[in-house]
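K.L.:
generate a structure from the sequence data that follows.
(chains A and B)
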Number of protein chains: 2
Amino acid sequence: MKLSGGVEWALHCCVVLTTATEPVPAARLAELHDVSGSYLAKQLQALSHAGLVTSVQGKAGGYVLTRAPELITILEVVAAVDGAQPAFVCTEIRQRGPLATPSAACTQPCPIARAMAGADAAWRAALQAISIADLARGVEQDYGPTALGGIRAWLSGPNDSDTTTVGQG
Amino acid sequence: MKLSGGVEWALHCCVVLTTATEPVPAARLAELHDVSGSYLAKQLQALSHAGLVTSVQGKAGGYVLTRAPELITILEVVAAVDGAQPAFVCTEIRQRGPLATPSAACTQPCPIARAMAGADAAWRAALQAISIADLARGVEQDYGPTALGGIRAWLSGPNDSDTTTVGQG
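P.N.:
Numbering: from 1, shown residues only, chains lettered A, B, ... in the order given. This next block holds a predicted model:
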């Protein structure tokens, strides 16, 4: 079981967008994260399709969050990029073979499907309990109050970056 | 995010094995579930590799659970078939780009990785809280005390099935 790698990029973009005072072009987000613009554009389009960001057109255009970051949960970002389907899909094995349960008797999910659905619900509840604003607060707690401010300043700076590149991962 | 389809088959096999009084050949489990023997053998081998079932050799050979079903959790079966890696893998995006956090400052996972790990832990805890014995009890609660008894009787019956096939899914 593996989440799409795009989830991580999309979450980072959302946290960055909480700091922006103006729309941020996809190319600028790609430059900040040192990642292919076309790859990041795909994740931003998924966020846009889910209504979490919107693309402002024009010379000063770019992406903005559509809601306050307190009102966007991690679960929404995950579902936007990776889809909302549960990890476990019941194929009704109980209805197969010589001892098949008749479909009329299958009025509720079987114990296996119920157990897997319970775990899925626990996972979703954990992701729904944390907002993009919580993540941004976590960044400030980890790296100090200047961390997001530094990103804000960089986003407002010249497009042809003259900043020093440090510690590439 | 999608679990391997083998998880569902493996869980059904484990529940069936709780009822067996003798080792059950893979072909017999495949016949009971109306599924390809080679496909089911792959899941049984994964369970065997994880030490959850063992293959008894010989004329009356087949698969048995290695432990009491109370001592085998759903999580162990899922990990055996689908792997134990978390769904979200952090690629340290914070260490990229012109504002990269130096690796020396990355002594703990970032807020995004922590949030995703928390959800993963909730999912695992839910699957660890339910045993194969719990699933078997669930089957008895859903379909009555004769359901597992019927499987036990079928497993002990002739290999060339002369039972009536009902309600194929």
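K.L.:
pLDDT below threshold where in chain A?
P.N.:
For chain A, residues meeting the criterion pLDDT under 70 lie at A:159-169.
K.L.:
what about the longest helix in it?
P.N.:
helix A:111-128 (DSSP state H).
K.L.:
buried residues of that helix, list them for me.
P.N.:
Neighbour-count burial for helix A:111-128 flags A:111-113, A:115-116, A:118-120, A:122-124, A:126-127 (criterion: 16 or more other C-beta atoms under 10 Å in any protein chain shown). Yep, even glycine has a C-beta here, placed from its N, CA and C like the rest.
K.L.:
could I get the full set of strands for chain A?
P.N.:
Along chain A, counting by DSSP state E, strands occupy A:53-56, A:62-65.
K.L.:
output those as a markdown table; include the columns distance to chain B and mean neighbour count.
P.N.:
Putting the strands of chain A into a markdown table (distance: least, C-beta to the nearest C-beta, whole Å; neighbours: other C-beta atoms under 10 Å in any protein chain shown) gives the following:
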| stretch | distance to chain B | mean neighbour count |
| --- | --- | --- |
| strand A:53-56 | 17 | 17 |
| strand A:62-65 | 16 | 20 |
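K.L.:
quick check: the gap between residue A:123 and residue B:109.
P.N.:
Distance of residue A:123 to residue B:109, given as C-beta to C-beta, to the nearest Å: 18 Å.
K.L.:
also residue A:79?
P.N.:
In terms of C-beta to C-beta, residue A:79 sits 22 Å off from residue B:109.
K.L.:
of the two, who's got more company?
P.N.:
A count of neighbours by other C-beta atoms under 10 Å in any protein chain shown puts residue A:79 above the other of residue A:79 and residue B:109, at 18 against 15.
K.L.:
follow-up on the earlier one: which of the buried residues of helix A:111-128 are close to chain B?
P.N.:
A:111, A:112, A:115, A:116, A:118, A:119, A:120, A:122, A:123, A:124, A:126, A:127 (C-beta under 8 Å from any C-beta of the partner chain).
K.L.:
which one of these is nearest to residue A:100?
P.N.:
The nearest member of those to residue A:100, counting by C-beta to C-beta, is residue A:112 at 15.5 Å.
K.L.:
so who does the closest one touch?
P.N.:
A:90, B:8, B:11, B:12, B:15, B:135 (C-beta atoms under 8 Å, 6 or more residues apart in numbering or on different chains).
K.L.:
identify the farthest-apart pair in the ones next to chain B among the buried residues of helix A:111-128.
P.N.:
Maximum distance among those (C-beta to C-beta): 25.2 Å, for A:111 and A:127.
K.L.:
neighbours of residue A:57, how many?
P.N.:
For residue A:57, the tally of surrounding residues (other C-beta under 10 Å) stands at 8.
K.L.:
show me where chain A has helices.
P.N.:
Secondary structure of chain A by DSSP H: the helices cover A:6-19, A:26-33, A:37-49, A:74-82, A:111-128, A:132-143, A:146-156.
K.L.:
how far off helix A:74-82 does the fifth one point, in degrees?
P.N.:
Helix A:111-128 runs at 110 degrees relative to helix A:74-82, counting by axes from the mean of the first three to the mean of the last three C-alpha atoms, to 10 degrees.
K.L.:
OK, contacts around residue A:119?
P.N.:
Counting by C-beta under 8 Å, 6+ apart, the residues that residue A:119 touches are A:88, B:74, B:123, B:124, B:126, B:127.
K.L.:
how near is the most centrally placed residue in chain A to chain B?
P.N.:
Central residue of chain A (C-alpha atoms, centre = their mean): residue A:77, 3.0 Å from the mean position. As for residue A:77, its distance to chain B is 10 Å (criterion: C-beta to the nearest C-beta, to the nearest Å).
K.L.:
in contact with that residue, which residues?
P.N.:
Counting by C-beta under 8 Å, 6+ apart, the residues that residue A:77 touches are A:7, A:10, A:11, A:14, A:47, A:52, A:132.
K.L.:
closest one of those residues to residue B:70?
P.N.:
residue A:7 (36.2 Å).
K.L.:
I'd say the closest one and residue A:79 touch.
P.N.:
No - with contacts counted by C-beta atoms under 8 Å, residue A:7 stays clear of residue A:79, the gap being 9.7 Å.
K.L.:
hmm, what's the outermost residue in chain A?
P.N.:
residue A:98 (44.9 Å).
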